[in-house]
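S.K.: structure, please.
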Amino acid sequence: MAYPVFDLHCDTADRLAWPGLDQRFHQLAGSESFSPEDVPGDTRLTDNGCHLSIAKMGGVPWAQCFACFIYDEFPPEESLAFYRQVMGHLEREVADNADAIALAAGPAGIRDALGRGGRVAVKTIENARMFAADPSLVEVLAGEGVLMASLSWNAEGPLGSGCDAPAVGLTRTGAEVVRRMEDAGMVLDVSHLNDACFSDVARIAERPFVASHSNSRAVCGHPRNLTDAQFAEIRDRGGLVGLNYCPDFLSESFETAEPTEDDLCRHVEHWLDMGGEDVVALGSDFDGTDLPSCISSAEKMPRLQEAFERRFGERIARKLCAENALAFFERCAG
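M.R.: Alright, predicted model coming up:
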């Protein structure tokens, strides 16, 4: 029997919405497609050519964080309109398939839905640049059900910066946004922040925070991954870390040897050795990156769960797949 899933990150909402977006967003992004691979022609959530769909979830009870990914090229003033179009598409798809998936209004009810074998869509934001134009949008979007947001993607940004700008710390506006997010009950996601920004967040944050899709830098030395000290900071605050399936972040030899379930398990095992039993979760990055064949779509989740159970036992596998994320959001969001 497959375990319930609570996945902290995917880019499927952007990928499905992309063909119907205003042309100016294509121009701002400098691309007619969401990624170097063409967007599948079918933009339905039910079934499509993406890594993730309702059909690909199969019979697994599933809570999925659907991020609106905002490009580094987008001015903060344009980002809210982009968010509205992407999330509008997702909301319509969920409404059209209300018998198969529900939209989470908050953390309450997600556990019950999974217990009934249901599916839940959770709204999040990756690179919440609109908050730089108007920090009060934190409260507005929290009131509309956004449970989690990150401050950057890879470049230098108006709130914080990613690993392409390693020496740039959190901005003054970014620090204000962190405080507003904590007051509003919107979970702070530190994935993509560079080390300087992570240190700034650790210095000013008063509530637990999350790395929604980041792996271990001790296992794979990519700068997008977390150092042991960063993982320990998240652990000690009662936070959460989601395992990312991106080959670049799983193995330093990904270009010559495709990562396997063993490579995913190595990151989990390292974190368990660091006392992370209640910290580790799933953060697939479905539809935001290429994936190894062992977990090339949501259809393969039962196979990955079997690998977790063989390696760590049923209790840890259940915590990793959903229980840790459920407990965290019930405790810290909203």
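S.K.: how deep is D183 tucked in, by neighbour count?
M.R.: 13 (other C-beta atoms under 10 Å). The C-beta positions use only the backbone N, C-alpha and C, and glycine is treated the same way.
S.K.: kindly report the same for L326.
M.R.: Counted with other C-beta under 10 Å, L326 comes out at 18.
S.K.: so it lies in a helix, does it not?
M.R.: Yes: counting by DSSP: H, G, I helix; E, B strand; the rest coil, L326 is part of a helix.
S.K.: quickly find the element holding the closest residue to it other than its chain neighbours.
M.R.: Nearest non-adjacent residue to L326, counting by C-beta to C-beta, 6 or more residues apart in numbering: R111, 5.3 Å away. In the assignment (DSSP states H and E), R111 maps to helix 110-115.
S.K.: and the next helix or strand past that helix?
M.R.: Past helix 110-115, the next helix or strand by DSSP H and E is strand 119-126.
S.K.: partners of that next one in the sheet?
M.R.: Strand 119-126 has its sheet partners listed here by DSSP bridges as strand 62-69 (parallel), strand 102-103 (parallel), strand 146-150 (parallel).
S.K.: among these, which comes closest to P302?
M.R.: strand 62-69 (11.6 Å; C-beta to C-beta).
S.K.: show residues contacting that closest one.
M.R.: Residues outside strand 62-69 that contact it (C-beta atoms under 8 Å, 6 or more residues apart in numbering) are 4-14, 52, 57, 82-83, 86-87, 90, 104, 110, 113-114, 119-127, 147-148, 153, 212, 288, 298, 322, 325-326.
S.K.: buried stuff in stretch 155-172?
M.R.: 155-163, 165, 168-171 (16 or more other C-beta atoms under 10 Å).
S.K.: closest one of these to T46?
M.R.: Once C-beta to C-beta is applied, the member of the buried residues of stretch 155-172 that ends up nearest T46 is G162, at 33.4 Å.
S.K.: skipping adjacent residues, who's closest to that closest one in space?
M.R.: Nearest one to G162, counting by C-beta to C-beta, 6+ apart, is N154 at 3.9 Å.
S.K.: tell me which element the one you found is part of?
M.R.: Per DSSP H and E: nothing holds N154, as it lies in no helix or strand.
S.K.: burial measure for it, as a count.
M.R.: N154, neighbours per other C-beta under 10 Å, totals 16.
S.K.: pretty sure it contacts V168?
M.R.: No: with contact defined as C-beta atoms under 8 Å, N154 does not count as touching V168 (11.8 Å).
S.K.: so which helix or strand takes in V138?
M.R.: Counting by DSSP H and E, V138 is found in helix 137-143.
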